[in-house]
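**Q** below is the sequence, then the predicted model.
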Amino acid sequence: MLKVLIKKQLTEVFKSYFYDAKNNRMRSKWAVAGWFVFFIAIMAGLLGGMFTALALSMCPGLTAVGMGWLYFLLMGGIAIILGAFGSVFNSYSGLYLAKDGDLLLSMPIPVKTVIAARLTNVYLMGAMYAATVMLPALIVYWITAGPTVARVICGILLFLIVTVIVLLLSAILGWVVAKISLKLKNKSFITVLASLLFIVAYYVVYFRASDMVQDIIQNAGAYGTQIKGASYALYLFGRTGEGDWMAAAIYLAVTALCFAGVWIVLSRSFLNIATASGKTGKVRYTEKAVKEKTPFGALLSKEFARFTSNPSYMLNCGLGVLLIPACAVLFLIKGREIAETLNQVFSGMPDCAAVLLCASLCLLSSMNNMATPSVSLEGKSIWIPQSLPVQAKTVLRAKTSVQMLLTAIPMLLAVICTAAVVPASLPVKLLLCIMPLLYSVFSAVSGTVAGVRMPILNWTNELAPIKQSGAIMITLFGGWLLSIALAGLYLLVGYKIGATLYLLLWSALFAVLSLILLKWLDTKGAAAFSAL
Amino acid sequence: MLKIEHLTKTFGTKKAVDDLSLHIQPGEIYGFIGHNGAGKTTTLKSVVGILQFDEGNITINGTSIREDPLTCKKQFAYIPDSPDLYDFMSGIKYLNFVADIFAIPAQERQEKIRTYAGLLELTGDLAQPVSAYSHGMKQKLAVIAAWLHSPKLIVMDEPFVGLDPKASHLLKQMMREHCDGGGAIFFSTHVLEVAEKLCDKVAIIKQGKLIKAGTMEEVKGDDSLEEVFLELEAE
């Protein structure tokens, strides 16, 4: 039974990899293989590569001075933070809000099996992120220190322990959010606020991580003694990776006990939470003056309402709304200093700072991709836009406009702040203002195109289109890669033609691509949407 | 009002609707009956422009749904078999959204919302999110939204499912009044007693093909509609 439920959930997560919604048929084996290669390349190549570099920078030094345990403590800590961060936002909705809840509970399936299946889904998501840190960490350690039987087995056990800790943290947070949500009126915004605090803490740690790691490596002996003296448990955690059987046994036992405790709490409260309708009072309707809207205005308001009603949607697809203004303030305060440092580091490349800051703004713009899942989020209510007297292209334009507005407005502030402080010629400053805005338009339009091309309409959990679809993977990671390419190409060859021409060419490219894609959305995209 | 000519719709190799022709006149309540999977919903979805059909033509007051869908859609309202509305909106926001799409002036929409929500006893719940509505309440909201822009034609797929007896009775009255005022209704149902009492005309579909259509008297004669339907199904 459990196997069937897990298979059902995984099928949903990876549905777009197997099923071509546009042509209403299963993908060929080659296409499926291609999608999985792409997925693995993103996870192993991008995230895994980053953490392999981190492991290589830490492991030899710490292992040489007998502080392998500190290396595992640091890498394990990063894996737990990343894993919990990766799965924390889907644990609440994944555990309690899946649309097939009533159906499954009405079937002769033990409630504990339903919980176990949903926890397995949360576990796999967390484990996937944790693996991008832990697998490189273990492999680098085994190569550096030599792979003994104890090190390999205990290393694998440490990986399992880390993944279970990630699961426990996600499940506890999901449970807390669920309990709070039942008593709150504006639960969407409060969930977002709480999650944002978590994100802020995460980014504070992330941005200071490099300094912290360097500091720890340089003062490994002192820190090691301090940690060992103050928290022997942390020392034992690291020792597990080094192949200490006793440490591994203790951690396995403690993790198993904690899991049992969380399991008891979850299984006792699951039915109440999953079937609760909330304890907030009923809002009485009072007639108010109505402001008429145009059809486009109505569709735009609808898209905004959908976006702001769903914490998962806001958190997974709208981080740029906050990060872009935050970056604007940062650039205003520290921009000149950053620019001067960059110009010094890349002294042979004129206006390098302007181009790199421009690329970083594009990267932040990629954090907004609310247009991509909006087609899929129509779900079973897609009959509404399809049967109302409104053109499909107007529906798609409304979806695109939400992302354009939510990105372009903060981006306008960011480009002005950046241009004000970056030392560059007037044309470069002007292009520094134009290009990220054009990129934001391109990002919104291409996101809608991806949403129309790869829709998932029969989801049971909204996280499927928001977080786990092929379309969102392409737009999110594609945006990152494009931003990195923008910076990288300048450092490789772009500087030879100068920043003005370089930025002008990218601006022209984004403008032309946006127009082509807009045209596609108005014609073939609209037809595809009508036929969904 | 609604003319369906030689409608054919195929899914893969299966013909869901096969050469179906119907003509619904102003003032008529036209019932559409058939067993599960007979092709009723496919026909209704083709009429309202949700499904693209393979062959045939559908016109609403002379305008083809294929060639000018917007003009057609302005003239009808559609209620699907399962009222999957926008869960993230409140009832009143959903009604205002529909009213905005149909460009209904503020005063007119408020009057209609007041009338129909009052009639269906949904006024007190209009500020609640649709996600908190029961199936029946969603169905009532879909009915109010459908009546909001005074459509000439109303297309409904199993409209009585989920409604309480009082709301069912009211909906039947609303349907009759709508048609008495010159409108037309084309709806599918499995409740043959309701179809027999309510419909002016009825069409029976089996495996995508129209097997009988006409006035209620023509179709059932001296028998009950249920007897005729079961007899035709058995053939």
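**A** Right, received. Where do you want to start?
**Q** which residue ranges make up the domains of chain A?
**A** A:2-13+A:50-274, A:295-531 (automatic domain parsing).
**Q** tell me the confidence at residue 92?
**A** Since no chain was named, I'll use chain A. If you check residue A:92, the pLDDT there is 75.
**Q** look at chain B instead
**A** 94.
**Q** so who does the nearest residue to residue B:10 once chain neighbours are set aside touch?
**A** Leaving aside its sequence neighbours, residue B:10 sits nearest to residue B:54 (C-beta to C-beta, 6 or more residues apart in numbering or on different chains; 5.4 Å). No exception for glycine: its C-beta is placed from N, CA and C like everyone else's. Taking C-beta atoms under 8 Å, 6 or more residues apart in numbering or on different chains, we find residue B:54 in contact with B:8, B:9, B:10.
**Q** out of those, who has the most neighbours?
**A** When neighbours are counted by other C-beta atoms under 10 Å in any protein chain shown, residue B:9 leads the contacts of residue B:54 with 22 neighbours.
**Q** the least confident helix or strand in chain B by mean pLDDT - contacts with which helices or strands?
**A** Every helix and strand of chain B was ranked by mean pLDDT, DSSP states H and E. The lowest is helix B:225-234, at a mean of 79. Applying 3 or more C-beta pairs under 8 Å, 6 or more residues apart in numbering or on different chains; DSSP states H and E, one finds that helix B:225-234 contacts helix B:192-198, strand B:201-206, strand B:209-215, helix B:216-220.
**Q** helices of the stretch 301-450 of chain A, start to end?
**A** For the stretch 301-450 of chain A, the helices defined by DSSP state H, counting those that start in this stretch cover A:311-317, A:320-345, A:352-365, A:371-374, A:383-387, A:392-421, A:426-453.
**Q** centroid residue for the chain?
**A** This is for chain A. Among the residues of chain A, the one closest to the centroid is residue A:316, at 5.8 Å (C-alpha atoms, centre = their mean).
**Q** you looked at the wrong chain, it should be chain B
**A** Closest-to-mean residue, chain B, C-alpha atoms, centre = their mean: residue B:156 / 1.5 Å.
**Q** if I look at the residue lying farthest from the centre of chain A, how far off is residue A:7?
**A** Largest separation from the mean C-alpha position in chain A: residue A:287, at 41.2 Å (C-alpha atoms, centre = their mean). Look at residue A:287 and residue A:7: by C-beta to C-beta, to the nearest Å, they are 50 Å apart.
**Q** same check, this time on residue A:385
**A** 33 Å.
**Q** got it, and residue A:334?
**A** Counting by C-beta to C-beta, the gap from residue A:334 to residue A:7 is 50 Å.
**Q** for the stretch 151-300 of chain A, which residues are neighbours of chain B?
**A** By C-beta under 8 Å from any C-beta of the partner chain, the residues of the stretch 151-300 of chain A that approach chain B are A:277, A:282-287, A:289-295, A:297-299.
**Q** just the buried ones from these?
**A** Buried by 16 or more other C-beta atoms under 10 Å in any protein chain shown: A:285, A:290, A:293, A:295, A:298, A:299, out of those.
**Q** among these, which two are most distant?
**A** A:285 and A:295 (24.5 Å; C-beta to C-beta).
**Q** before we move on, the earlier item: next one, pLDDT for the residue nearest to residue B:10 please.
**A** pLDDT, read off for residue B:54, is 90.
**Q** got it, and residue A:317?
**A** 88.
**Q** cool, and residue A:434?
**A** Note on residue A:434: pLDDT of 93.
**Q** before we move on, what about residue A:209?
**A** Taking residue A:209 on its own, its pLDDT is 66.
**Q** what's near enough to touch residue B:108?
**A** Going by C-beta under 8 Å, 6+ apart, residue B:108 touches no other residue.
**Q** what about it, helix or strand, and which?
**A** Element membership for residue B:108 (DSSP states H and E) is helix B:106-119.
**Q** can you mark which positions in that helix are buried?
**A** Buried-residue list, helix B:106-119, by 16+ other C-beta under 10 Å: B:109, B:110, B:112, B:113, B:116, B:117, B:119.
**Q** cool, stretch A:425-441 as well?
**A** A:428-441.
**Q** what does that stretch contact?
**A** A:351, A:354, A:357-358, A:361-362, A:365, A:368, A:404, A:407-408, A:411-412, A:414-416, A:418-419, A:422, A:424, A:499-500, A:503-504, A:506-507, A:510-511, A:514.
**Q** show me what from the stretch 301-450 of chain A comes close to chain B.
**A** Going by C-beta under 8 Å from any C-beta, the residues of the stretch 301-450 of chain A near chain B are A:301-302, A:305-306, A:309-310, A:379-381, A:383-384, A:386-391.
**Q** re earlier: ranking the domains of chain A by burial, who's on top?
**A** domain A:295-531 (a mean of 21; mean count of other C-beta atoms under 10 Å in any protein chain shown).
**Q** and that domain, how far from the chain's centre?
**A** Between the centre of domain A:295-531 and the centre of its chain there are 15 Å (C-alpha atoms, centre = their mean, to the nearest Å).
**Q** likewise stretch A:70-85?
**A** 17 Å.
**Q** can you tell me which of the domains of chain A the model trusts least?
**A** Minimum mean pLDDT among the domains of chain A: domain A:2-13+A:50-274, a mean of 81.
**Q** measure that domain end to end?
**A** Domain A:2-13+A:50-274 has an end-to-end distance of 19 Å (criterion: C-alpha to C-alpha, to the nearest Å).
**Q** which residues are in contact with residue B:170?
**A** So residue B:170 contacts B:119, B:120 (C-beta under 8 Å, 6+ apart).
**Q** quick check, pLDDT for it.
**A** So residue B:170 comes in at 93 (pLDDT).
**Q** which is the next helix or strand following the host helix or strand of it?
**A** Secondary structure assigned from DSSP H and E places residue B:170 in helix B:165-180. Next along the chain after helix B:165-180, taking DSSP H and E as the criterion, comes strand B:184-188.
**Q** which helices and strands does that next one pack with?
**A** strand B:29-33, helix B:40-47, strand B:153-157, helix B:165-180.
**Q** return the list of helices and strands in contact with the helix or strand following the second one.
**A** The first helix or strand that comes after helix B:40-47 along the chain, using DSSP H and E, is strand B:55-60. Applying 3+ C-beta pairs under 8 Å, 6+ apart, one finds that strand B:55-60 contacts strand B:2-11, strand B:14-24.
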